[in-house]
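Trainee: Test case, fold it:
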Amino acid sequence: MEHRRVEWHHDHAEEPVVLYSELGADRYETRKVQRYRDGRLLRADAEHETGEIGLGEIPLGPIEDVAAQAEFSASLISRDEFEEVWREARWSKKRGATRP
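Mentor: Numbers count the residues shown, from 1 in each chain. Take a look at the predicted model:
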């Protein structure tokens, strides 16, 4: 299992600025948390996805590939750090599931 934190440097008011991901052995996201500029923390897992937040549909590559892109700052984090953010986050209340 891998846990990562990715800061997304951009000016889009409605998009998240920090992405926390938990990856399984197959490199697919199993859980995700998004932090927004206004402080909101939204979470998703395979059972709870909306049009606002959902898990990636393809396996994620190495963290070094993400960190090499100018618009991102990326690092691996501990499971404990991920769990702390997960506990703080809330489920999205918006409708429109991204998966059946």
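Trainee: and residue 19, what does it touch?
Mentor: 5-6, 8, 32-35 (C-beta atoms under 8 Å, 6 or more residues apart in numbering). (Glycine included, C-beta is placed from N, CA and C.)
Trainee: which one of those residues sits closest to residue 77?
Mentor: residue 5 (4.8 Å; C-beta to C-beta).
Trainee: Tell me the strands beside the worst-scoring helix or strand of the chain on mean pLDDT, with direction?
Mentor: Across the helices and strands of the chain, mean pLDDT, DSSP states H and E gives its lowest value to strand 90-91, namely a mean of 94. Paired neighbours of strand 90-91 in the sheet (DSSP bridges): strand 41-45 (parallel).
Trainee: contacts for the least confident helix or strand of the chain?
Mentor: Against strand 90-91 from outside (C-beta under 8 Å, 6+ apart): 40-44, 48.
Trainee: want to throw these into JSON lines with neighbour count?
Mentor: Converted to JSON lines, the contacts of strand 90-91 look like this (neighbours: other C-beta atoms under 10 Å):
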{"residue": "40", "neighbour count": "12"}
{"residue": "41", "neighbour count": "17"}
{"residue": "42", "neighbour count": "20"}
{"residue": "43", "neighbour count": "19"}
{"residue": "44", "neighbour count": "21"}
{"residue": "48", "neighbour count": "15"}
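Trainee: before we move on, back to that, tell me the one of the contacts of residue 19 nearest residue 22?
Mentor: Looking across those and measuring by C-beta to C-beta, the closest to residue 22 is residue 32, at 7.3 Å.
Trainee: Now name the helix or strand holding that closest one.
Mentor: Element membership of residue 32 [criterion: DSSP states H and E] is strand 29-35.
Trainee: what's the angle from that strand to strand 41-45?
Mentor: Comparing the axes of strand 29-35 and strand 41-45 via axes from the mean of the first three to the mean of the last three C-alpha atoms, to 10 degrees yields an angle of 170 degrees.
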